[in-house]
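In: requesting a structural model of the entry that follows:
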Amino acid sequence: MKKMKIRKFRLISFTISVYGVFFKKVSSKVVSSEIISLPEGQLQFHYDDDIRSDPCDTVVMINVGTAMRVTSYNDLGRSIVSSTQSQLSVIAIIIDNNPRRIEKQNGKKYADLANSIVQNLKQIVPICSNTKDSAVRYLIGGHSGGGAGAINALTSDPPLFSFEIAGIVGLAPFPVDPRSPMKILAPSLMWGFSNMTCLVLPHRAALAAYNISSPNRRIFYQVQTEHQEIATEGPHCSFADDGCLGMCSGGSQYSWIRNSGVGDSVCRFITAIRCSNFSQSQFKINQSDVEIFVNRNYPISDSTPYAESEFLQNVSYSPDILPNIELSNN
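Out: Just a heads-up that it's a prediction; the model follows:
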């Protein structure tokens with residue numbers, strides 16, 4: 001198929017032509033693009049074809065995890081745009097700020113790609129062509145190393161983004177320094193695990209990101225898991241269709257996370273941002289193995305020797321110590 005150029009980016013290997021850009025309908029409702037390559041990185045977007053009014057109310061950009069590709073998160077993208085909890089019009093864009101390279105934590109590369117998408121949104125996603133620029137809410141985020149990239153970009157001084165950030169979605173972002181002087185001031189939604197999984201320590205992942213987030217607009221979904229010392233085990237990569245290169249998916253028992261859990265929570269998060277309501281009841285989901293923490297709620301009980309302030313002062317990154325720190329309300 002002949003490649004076509006729109007401004008300075010290439011559109012590759014598409015199947016159905018609409019508005020001069022090519023798509024494929026992957027279900028009765030969700031439309032997905034193929035891979036789009038920009039000078040700053042790659043992306044694949046998803047949207048719900050049933051939503052006609054204000055189709056670009058909110059754009060959610062999720063950066064891929066370490067060594068992953070934009071095509072590795074199809075279930076997640078579809079879940080975000082087709083959640084049954086809301087009729088919000090959401091465009092989910094899976095992005096890769098460093099294609100064909102392992103490392104995704106670079107904040108500048110993340111911001112460069114996100115800025116390019118926002119600047120060229122109407123050409124990249126044609127259904128957004130009639131949307132007023134000021135009317136779009138932008139959420140950033142990512143999985144694992146890609147989530148760390150989003151956090152690094154958001155907490156950079158001076159700021160790296162050319163647009164306003166409505167919120168951030170972290171999917172087990174790693175690594176994150178819980179003692180970082182930089183703070184996440186935008187509303188934050190974090191997903192993580194109660195114990196080490198795929199060699200990722202919770203104290204340097206979503207828990208740490210929740211800790212450095214604004215205490216008045218933060219949410220943390222902590223999936224209760226067993227401690228896993230084997231590098232390829234645990235659900236750290238349950239956000240991707242087939243785990244990370246086939247590893248760390250956690251098996252079918254965790255597939256709900258990408259198929260419904262994250263999508264449900266993102267829609268609740270968007271609603272909370274709209275209404276400025278970050279109450280505990282706003283974020284309840286029907287899943288028994290998840291603890292939900294909101295605002296000044298913290299996943300360390302008062303009975304433990306590690307209260308939040310003490311945790312920041314005393315935590316060590318030694319793998320011999322961290323797995324033994326108790327971080328549950330039980």
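In: all contacts plus neighbour counts: C-alpha atoms, from now on.
Out: OK.
In: low-confidence ranges in the stretch 1-150 of the chain?
Out: Within the stretch 1-150 of the chain, the ranges that satisfy pLDDT under 70 run 1-28, 51-53, 84-87.
In: tell me where it has strands.
Out: 4-6, 9-11, 16-18, 21-25, 30-33, 36-38, 41-48, 58-63, 90-96, 137-143 (DSSP state E, counting those that start in this stretch).
In: now do the helices in the stretch 101-250 of the chain.
Out: Remark: helices assigned in the stretch 101-250 of the chain by DSSP state H, counting those that start in this stretch are 107-119, 121-124, 145-154, 206-211.
In: if I pick Asn295, what's in contact with it?
Out: Ser214, Pro215, Asn216, Arg217, Arg218, Ile219, Phe278 (CA atoms under 8 Å, 6 or more residues apart in numbering).
In: same thing but at 7 Å, please
Out: Contact partners of Asn295, counting by CA atoms under 7 Å, 6 or more residues apart in numbering, are Pro215, Asn216, Arg217, Arg218, Ile219.
In: count the neighbours of the fourth one for me.
Out: Right, the one you point to is Arg218. Number of residues near Arg218 (other CA atoms under 10 Å) recorded here: 28.
In: I'd guessed it sits against Ala186; true?
Out: No. Arg218 is beyond contact range of Ala186, at 8.7 Å (criterion: CA atoms under 7 Å).
In: that older thread, just the contacts of Asn295: which are in strands?
Out: Arg218, Ile219 (DSSP state E).
In: selecting buried members of the contacts of Asn295 in PyMOL, what would you type?
Out: Applying 16 or more other CA atoms under 10 Å to those, the buried members can be selected in PyMOL as follows:
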select buried, resi 215+216+217+218+219
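In: what sits against Asp75?
Out: Asp241, Arg258, Asn259 are the contacts of Asp75 under CA under 7 Å, 6+ apart.
In: I should have written Asp96 there, sorry.
Out: Gly41, Gln42, Leu43, Asn63, Val64, Arg69, Val70.
In: most surrounded residue in those?
Out: Asn63 (37 neighbours).
In: for that residue, which non-adjacent residue is closest in space?
Out: Gly142 (4.0 Å; CA to CA, 6 or more residues apart in numbering).
In: would you mind confirming that that neighbour makes contact with Ile168?
Out: No. Contact status for Gly142 versus Ile168: not in contact, 8.6 Å apart, counting by CA under 7 Å.
In: can you give me the distance of the residue nearest to Asn63 to Lys104?
Out: Separation of Gly142 from Lys104 (CA to CA, to the nearest Å): 9 Å.
In: who has more neighbours, those two?
Out: Neighbour tally, Gly142 and Lys104, criterion other CA under 10 Å: the higher count belongs to Gly142, 30 against 27.
In: show me the contacts for the more buried one.
Out: Ile62, Asn63, Val64, Ala150, Val169, Gly170, Leu171, Pro173.
In: can you tell me which of these is nearest Ile270?
Out: Val169 (10.6 Å; CA to CA).
In: kindly reformat the contacts of Asp96 as a markdown table containing distance to Asp96.
Out: As requested, these are arranged in a markdown table below (distance: CA to CA, whole Å):
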| residue | distance to Asp96 |
| --- | --- |
| Gly41 | 6 |
| Gln42 | 5 |
| Leu43 | 6 |
| Asn63 | 6 |
| Val64 | 6 |
| Arg69 | 7 |
| Val70 | 6 |
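In: circling back to that earlier point, of the contacts of Gly142, which is the most crowded?
Out: Asn63 (37 neighbours).
In: residues contacting that residue?
Out: Applying CA under 7 Å, 6+ apart, the residues near Asn63 are Ile94, Ile95, Asp96, Gly141, Gly142, His143, Gly146, Gly147.
In: confidence score at the residue nearest to Asn216 when sequence neighbours are not counted?
Out: In space, and not counting its chain neighbours, Asn216 is closest to Asn295: 4.8 Å by CA to CA, 6+ apart. Note on Asn295: pLDDT of 95.
In: can you list the contacts of Asp75 in CSV and add distance to Ala231, pLDDT and neighbour count?
Out: As requested, those are exported to CSV (distance: CA to CA, whole Å; pLDDT from 0 to 100; neighbours: other CA atoms under 10 Å):
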residue, distance to Ala231, pLDDT, neighbour count
Asp241, 19, 97, 19
Arg258, 21, 97, 23
Asn259, 24, 95, 22
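In: closest to Ile273 among these?
Out: Among these, and counting by CA to CA, the member closest to Ile273 is Arg258, at 21.8 Å.
In: got CSV for the strands of the stretch 1-150 of the chain, with distance to Tyr210 too?
Out: As requested, the strands of the stretch 1-150 of the chain are exported to CSV (distance: least, CA to CA, whole Å):
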stretch, distance to Tyr210
strand 4-6, 39
strand 9-11, 36
strand 16-18, 41
strand 21-25, 36
strand 30-33, 31
strand 36-38, 31
strand 41-48, 27
strand 58-63, 17
strand 90-96, 22
strand 137-143, 13
